[in-house]
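Novice: Need the 3D shape of this:
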Amino acid sequence: MSLQEFMDYAGRLKRIKRAGWIIRGIPDPESVADHSYRAALLGLILARKEGLDGEKIVAMLLLHDLGEAIIGDIVPEGEEFIDKEKAEREAIRKILSTLGDIGEQLYSLWMEFHQGESEEAKLARIVDKAEMAYQAKEYREMGYNIDEDMLQHLPKFLK
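Specialist: Coordinates of the predicted model:
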């Protein structure tokens with residue numbers, strides 16, 4: 001088990017900028033880690049409001065984009081050319097393999113998020129989109145040209 005290797009992968013997310021913002025012309029956009037952090041906070045708050053397992057939701061949101069430390073942030077248009085699901089699954093397996101048995105437990109949470117069937121996974125997936133939409137709202141308020149479709153996942157309570 002190598003916690004240092006895991007931390008090196010996690011640290012990459014602090015340097016990987018969200019590709020969707022780059023292609024929309026946002027200079028110095030948020031990183032993948034920035035997104036995951038705020039999504040985890042929102043998930044914690046909403047889990048408590050809904051009576052769900054907040055630790056599980058926070059873990060899912062901290063893990064959901066971890067594979068991007070290897071494959072990068074692939075925009076939806078890129079999925080036409082890359083099997084993102086397969087690439088991300090292989091990347092997360094590699095990253096979590098550095099943690100031994102703990103990695104297997106975390107992989108189960110990652111899979112639960114991506115399958116989206118449990119109540120916690122459903123909320124975490126909504127939060128992932130809601131945080132992105134809130135970031136779009138912030139960029140629009142800063143004067144950047146953000147299409148209305150980027151705001152479609154913005155819940156009323158975040159508007």
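
Novice: Name the residues of the longest helix seen in the chain that are buried.
Specialist: Secondary structure of the chain per DSSP state H: the longest helix is helix 119-141. Residues 120-121, 123-128, 130-137, 139 are the ones in helix 119-141 that count as buried (16 or more other Cβ atoms under 10 Å). (Glycine included, C-beta is placed from N, CA and C.)

Novice: Same question for stretch 34-54.
Specialist: Buried positions in stretch 34-54, judged by neighbour count with 16+ other Cβ under 10 Å: 34-40, 42-44, 46-47, 52, 54.

Novice: what's in contact with that stretch?
Specialist: With contact meaning Cβ atoms under 8 Å, 6 or more residues apart in numbering, stretch 34-54 is reached by 13, 18, 56-58, 60-62, 64-65, 119-120, 123-124, 127-128, 130-132, 134-135.

Novice: Check stretch 105-114 too.
Specialist: 56, 59-61, 63-64, 66, 85, 92-93, 96, 99, 118, 120-121, 124-125.

Novice: Now which of the residues you listed would you call buried?
Specialist: For the contacts of stretch 105-114, a burial check counting by 16+ other Cβ under 10 Å picks out 56, 59-61, 63-64, 66, 92, 96, 99, 118, 120-121, 124-125.
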